[in-house]
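K.L.:
Next input, structure requested:
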Amino acid sequence: MVDKNIKLFENKHVRTAWDEEKEDWFFSIVDVVGILTDQPTQRGATLYWGKLKQRLKEEGSELLTNCQQLKMQAADGKYYKTDVGNTKQILRLVQSIPSPKAEPFKLWLAAVGAERIDETINPEVRPDRE
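P.N.:
I've put the predicted structure just below:
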């Protein structure tokens, strides 16, 4: 079962999902790309991700091979298949995008992971998940 929710990075939404079975976070790649590239719209982030995917494919990147899709809620309230990456994949993605936000984003990813570890150790701090 996957728990879904939204995390905030500098007041911007990042759709996330926790996979209990794999014990791993998954993050919407388009959301991450949008933040790192300062895209004003979701469409801009999607187009940037499309070009980046093309470049990574040409380079033979493993990131695309291991990328998967999960249904995540969009701004219109509907659920659509969305490219997602686990923490390791997102860190590799961050390295592919020249951005002054790269280092703060890496620290944010570490904090999200630490939050989940804290919840595992101390279940009383775990928020209700859908």
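K.L.:
Report the beta-bridge partners for the residue nearest the centre of the chain.
P.N.:
By CA atoms, centre = their mean, the chain has its centre lying nearest to residue 27, at 2.1 Å. Beta bridges link residue 27 to residue 16, residue 85, judged by DSSP bridges.
K.L.:
Equivalent analysis for residue 68, please.
P.N.:
Going by DSSP bridges, residue 68 is paired in beta bridges with residue 84.
K.L.:
wait, isn't it in contact with residue 84?
P.N.:
Yes: assessed by CB atoms under 8 Å, residue 68 is found in contact with residue 84 at 6.1 Å. (Each C-beta comes from the backbone N, C-alpha and C, glycine too.)
K.L.:
who's more crowded, those two?
P.N.:
Between residue 68 and residue 84, residue 84 has the larger neighbour count (other CB atoms under 10 Å), namely 25 against 12.
K.L.:
And the more buried one, how far from residue 98?
P.N.:
22 Å (CB to CB, to the nearest Å).
K.L.:
Residue 38 now?
P.N.:
Note on residue 38: its distance to residue 98, by CB to CB, is 12 Å.
K.L.:
Mind checking which of these two has more residues around it?
P.N.:
Between residue 38 and residue 98, counted using other CB under 10 Å, residue 38 has the larger neighbour count: 12 against 8.
K.L.:
Three-state assignment for that one, please.
P.N.:
Assigned state for residue 38: coil (three-state reduction, DSSP: H, G, I helix; E, B strand; the rest coil).
K.L.:
how about it, phi and psi?
P.N.:
Backbone torsions of residue 38, given as degrees, to the nearest 10, read phi 50, psi 40.
K.L.:
how about it, what does it touch?
P.N.:
Residues near residue 38 by CB atoms under 8 Å, 6 or more residues apart in numbering: residue 101.
K.L.:
I'd like the distance between it and residue 70.
P.N.:
Where residue 70 is concerned, residue 38 sits at a distance of 25 Å (CB to CB).
K.L.:
With residue 93 instead?
P.N.:
With CB to CB as the criterion, residue 93 and residue 70 are 16 Å apart.
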